[in-house]
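Undergrad: quick one: sequence and predicted model below, then my questions.
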Amino acid sequence: PLTTLGVDHLTLNATQIYPNPSRGIFPVQSKTTLDKISVYSQTGVLVKTIEIVNNSSETIEVNLLGLQTGVYLLELQNATEKSWKKIIVD
């Protein structure tokens, strides 16, 4: 199990997604490394996977243009943790 030593702002849980709702393109701001973003529909179907090669940047541009409007779940992953965020595409 992972333990947090009072550095919540350096975890994936502190990742920010805006604007929300979004038109389909939005930045994901993370204070820690981000290796992969998986996008799931509300029914749990994987609709897109974004592999992040150069994860030195704090901001990753995500493009969900072409997906139906609705609520999507983003699974943010790095080597040590996983976090979930919700995004509304309108």
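TA: Great, that's in hand.

Undergrad: how many neighbours does Lys85 have?
TA: 17 (other C-beta atoms under 10 Å). C-beta coordinates here come from the backbone N, C-alpha and C atoms, glycine included.

Undergrad: surely it is within a strand?
TA: Yes: under DSSP: H, G, I helix; E, B strand; the rest coil, Lys85 falls within a strand.

Undergrad: low-confidence ranges, this structure, go.
TA: 1-9, 55-56 (pLDDT under 70).

Undergrad: what about 90?
TA: Applying pLDDT under 90 to the chain flags residues 1-13, 31-33, 53-58.

Undergrad: can you map out the strands along it?
TA: Assigned by DSSP state E, the strands in the chain fall at 16-17, 25-29, 36-41, 46-51, 59-63, 70-77, 82-89.

Undergrad: possible to save those as JSON lines with distance to Leu10?
TA: Supplementary listing: the strands of the chain in JSON lines, determined by distance: least, C-beta to C-beta, whole Å:
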{"stretch": "strand 16-17", "distance to Leu10": "13"}
{"stretch": "strand 25-29", "distance to Leu10": "13"}
{"stretch": "strand 36-41", "distance to Leu10": "18"}
{"stretch": "strand 46-51", "distance to Leu10": "21"}
{"stretch": "strand 59-63", "distance to Leu10": "16"}
{"stretch": "strand 70-77", "distance to Leu10": "14"}
{"stretch": "strand 82-89", "distance to Leu10": "12"}
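
Undergrad: distance between the ends of stretch 64-81?
TA: 24 Å (C-alpha to C-alpha, to the nearest Å).

Undergrad: use 550 as the first number from now on
TA: Got it, first residue is 550 now, which makes that one stretch 613-630.

Undergrad: end-to-end on stretch 587-597?
TA: End-to-end for stretch 587-597, by C-alpha to C-alpha: 6 Å.

Undergrad: could you list the buried residues of that stretch?
TA: For stretch 587-597, burial by neighbour count (16 or more other C-beta atoms under 10 Å) applies to 587-589, 597.

Undergrad: all good on my end, thank you.
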